[in-house]
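Colleague: Following is a predicted model, sequence given first.
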Amino acid sequence: MSVPFADLQLQYRFIKREVDGAIAAVIRDNAFIRGPYVDAFEQQFADAVEVKHCVSCANGTDALYLAMAALKVQPGDEVITTAHSWISTSAMITHAGATPVFCDTDGWTFTIDPAAIEAAITPRTVGIIPVHLYGQPADMDLIMAIARKHKLWVVEDCAQAHLARYKGQQIGTFGVAATYSFYPGKNLGAMGDAGAVVTNDSALAERMAMLARHGGLVKHQHRIEGINSRLDGMQAAILSAKLPHLTAWTRARQDAAKIYDAGLNQIEDVVVPSVAAERSHVYHLYTIKHPRRDALATHLAASGIQTAINYPTALPFLAAYSRLKHRPEQFPNAFRDQSRILSLPMFAEITSDQQNEVINLIRTL
Ligand SMILES: Cc1ncc(COP(=O)(O)O)c(C=O)c1O
């Protein structure tokens, strides 16, 4: 039995009528850019995330840029983020005009180590971008306490963690703004690129919306210089069709994680994901650690089991950051993990038979 890493076709088959209807409605109404479907999704997503404003945009990378540009990040500023993430998190710090300052992860949740944040703060630090990596919230109490103490803003990168909670509070509501990706494979995914930034700050929301729409909200009234980063009507309508399913899909991912946990826990050499107390993990990715990661991936691939490495090189060690001259001993956890992590097939519709196949094959390495 082969097992895909994710199965978007299967998801589509379950909700075909809703998705096809949404696409047809956008075509019928000629509502390709902005319009009622985008407005509706922004309101629905703001409600789902329990915030006042949702500013939709073209993707989760732009969402990070829009947040930082609206916060008026300046050349010379430093923004602290995690060593273990997708490159968008740090690349947008640079594109917004600042310098990314990396911190190591805590060694057990794959999220940024709050103690490392304290140590990285300088007089130039303006903000912190924690990433709720793989779907597990970062330690927001400690991060917010550090931010308050040093008068820094916090923008949460929620690209992998839709609807996750920290101590009962929805992530995305701790910082001044939070960014989301709706890349197709995400827990809430469009059928193309899509993203959003959310906030409870009305002035910030307006500025981010202006920046995303050529610097103005009224045609030909460009109050500032912006970019073109719009969510299109088709993607908005598809996301609105999918959003009502997100809670059930999240629960299905969490149930699937329990099956993996139970099956893999007894296998020597496998370290299953640790979830900190009072954090709900939404398992965008189910990532284990294994000392012979590459051999395991090859062994699984030989039997048709797809896996992924998220990510093979930690951010400080990418060629894109060679200018910062980072050394492995500065980020020991992120450095060690990059050669041990392996993400297993994980999607809401995965069956226990598929999971048992994966577990049994891991046992036979
Ligand atoms: C942690 C993180 N941040 C940002 C992004 C960027 O999102 P997008 O691919 O929609 O630009 C992603 C998604 O790939 C991500 O995983």
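Modeller: That came through, no problem.

Colleague: Residue 160 and residue 281 touch, don't they?
Modeller: No. Residue 160 lies out of contact with residue 281 (Cβ atoms under 8 Å); the separation is 10.4 Å. In this view, the C-beta of every residue, glycine as well, is placed from N, C-alpha and C.

Colleague: anything in contact with each of the two?
Modeller: Contact criterion Cβ atoms under 8 Å, 6 or more residues apart in numbering; residues shared by residue 160 and residue 281: 134, 135.

Colleague: ok, which residues in this structure are in contact with the ligand?
Modeller: Residues of the chain found near the ligand (Cβ under 6 Å from any ligand atom) are 59-61, 85-86, 88-89, 131, 157, 159-160, 181, 183, 193, 195.

Colleague: In strands, which of these appear?
Modeller: Cross-referencing these against strands under DSSP state E gives 157, 181, 195.

Colleague: Give me the pLDDT for the closest residue to residue 90 other than its chain neighbours.
Modeller: Spatial nearest neighbour of residue 90, excluding adjacent residues (Cβ to Cβ, 6 or more residues apart in numbering): residue 100 at 4.1 Å. Residue 100 is assigned 98 on the pLDDT scale.

Colleague: Residue 292: what's it in contact with?
Modeller: 269, 365.

Colleague: Residue 52 now?
Modeller: Residue 52 touches 46, 199, 200, 202, 205, counting by Cβ under 8 Å, 6+ apart.

Colleague: how about those residues, which pair is most distant?
Modeller: Based on Cβ to Cβ, the longest span within these runs between 46 and 202 and measures 12.0 Å.

Colleague: what is in contact with these two at once?
Modeller: Common contact partners of residue 46 and residue 202 (Cβ under 8 Å, 6+ apart): 52, 53.

Colleague: Please name the nearest non-neighbouring residue to residue 205.
Modeller: Residue 205 sits nearest to residue 53 (Cβ to Cβ, 6+ apart), 3.6 Å away.

Colleague: picking that back up, in terms of neighbours, single out the busier of residue 46 and residue 202.
Modeller: Taking other Cβ atoms under 10 Å, residue 46 and residue 202 do not tie; residue 46 has more neighbours (19 against 10).

Colleague: Now do residue 130 against residue 226, distance only.
Modeller: To residue 226, residue 130 is 26 Å away according to Cβ to Cβ, to the nearest Å.

Colleague: Name the residue in the two with the higher neighbour count.
Modeller: residue 130 (32 against 19).

Colleague: In contact with that one, which residues?
Modeller: Contacts of residue 130 by Cβ under 8 Å, 6+ apart are 81, 82, 111, 112, 138, 140, 143, 154, 156, 157, 175.

Colleague: Do I have it right that residue 191 meets residue 232?
Modeller: No. Using Cβ under 8 Å, residue 191 is not in contact with residue 232; the gap is 10.6 Å.

Colleague: Which one of those two is surrounded by more residues?
Modeller: residue 232 (22 against 17).

Colleague: could you check the distance from that one over to residue 31?
Modeller: 9 Å.

Colleague: Identify the contacts common to these two.
Modeller: residue 38.

Colleague: mind checking pLDDT for the residue nearest to residue 205?
Modeller: For residue 53, the predicted pLDDT is 98.

Colleague: so where do the strands sit in the stretch 151-300 of the chain?
Modeller: 153-157, 165-166, 169-170, 177-181, 195-199, 279-280, 286-289 (DSSP state E, counting those that start in this stretch).

Colleague: How many residues are close by the spatially closest residue to residue 267 that is not a sequence neighbour?
Modeller: Once flanking residues are discounted, residue 267 sits nearest to residue 363: 5.4 Å by Cβ to Cβ, 6+ apart. Residue 363: 13 surrounding residues under other Cβ under 10 Å.

Colleague: cool, and residue 30?
Modeller: Residue 30 has 9 neighbours, counted by other Cβ under 10 Å.

Colleague: Report the separation between it and the ligand.
Modeller: 26 Å (Cβ to the nearest ligand atom, to the nearest Å).

Colleague: Could you report the distance from that residue to residue 240?
Modeller: To residue 240, residue 30 is 17 Å away according to Cβ to Cβ.
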